[in-house]
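Peer 1: Sequence first, predicted coordinates after that:
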Amino acid sequence: MVCEQILGKLSEFDTSGKTIEYVDIEWHEAFKKIHKKTTDHETELGIRMDDSILTRGLYQGDVLYADDEKIIAVNTPPCEVIRVSLTPGHEKQAAKVCYEIGNRHAPLFWGENDTFITIYNEPMLLMLQKLHGVTAEKELKKLDFDQRISASIHNHHH
């Protein structure tokens, strides 16, 4: 089966009496046009999207296939992230945190309770932990692309 478009959000579909299958799309795969995947019900799936996916991405709950019996939707599994919070009185450090994360071309998200979220890597964690007035902690989290701050999600290295 080949899926070539996003049909909508799972919450918009009538799922009564239908099997819902999920296909895992990792955060770093969300902006790729072509995938070969298997759903959690062992359905082999080809995904071939147009260029709009390069900026939109595949999000949690995006429906890729629907018929009278089943729906196939995207699942974005949890990944290791760094949650960054600022000590009261050090709010201006937000600019430094965002600069340092952006300078490393890492994706940046809003977190709960005025925190920032970025993808985990050890050098990033150590650098953020050294900033005065900043707390940086590693955790496992499901990313919400609607909370994305950075314009681009593509992660690259120099």
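Peer 2: Here it is on my side, so go on.
Peer 1: Against Gly17, how distant is Ile6?
Peer 2: Separation of Ile6 from Gly17 (Cβ to Cβ, to the nearest Å): 23 Å. Yep, even glycine has a C-beta here, placed from its N, CA and C like the rest.
Peer 1: And these two? Which one has more around it.
Peer 2: Ile6 (19 against 7; other Cβ atoms under 10 Å).
Peer 1: Surely the more buried one touches Gly61?
Peer 2: No - look at Ile6 against Gly61 with Cβ atoms under 8 Å: they stay out of range, at 10.1 Å.
Peer 1: quick one: the strands in the protein?
Peer 2: 2-3, 8-9, 19-24, 34-38, 44-48, 62-66, 70-75, 79-86, 108-110, 116-119, 134-141 (DSSP state E).
Peer 1: out of those strands, nearest to Ile149?
Peer 2: Comparison of these against Ile149 by Cβ to Cβ identifies strand 108-110 as nearest, at 4.4 Å.
Peer 1: Please enumerate residues in contact with that closest one?
Peer 2: 98, 101-102, 116-118, 143-145, 147-150 (Cβ atoms under 8 Å, 6 or more residues apart in numbering).
Peer 1: mind listing what's buried in that strand?
Peer 2: For strand 108-110, burial by neighbour count (16 or more other Cβ atoms under 10 Å) applies to 108-109.
Peer 1: Lowest mean pLDDT among the helices and strands, pick that one out for this protein.
Peer 2: The helix or strand of the chain with the poorest confidence is helix 53-56; it has a mean of 87 (mean pLDDT, DSSP states H and E).
Peer 1: Please identify the buried residues of that one?
Peer 2: Those would be Ile53, for helix 53-56 by 16+ other Cβ under 10 Å.
Peer 1: Please save the CA atoms from that helix in PDB.
Peer 2: Extracted C-alpha coordinates of helix 53-56, given in PDB (Å, rounded to 0.1, in the frame of the first residue of the first chain):
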ATOM      1  CA  ILE A  53       5.900  17.700   3.700                       C
ATOM      2  CA  LEU A  54       9.400  19.300   3.800                       C
ATOM      3  CA  THR A  55       8.000  22.200   5.700                       C
ATOM      4  CA  ARG A  56       4.800  20.700   7.200                       C
END
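Peer 1: Having no further points to raise, I will conclude here.
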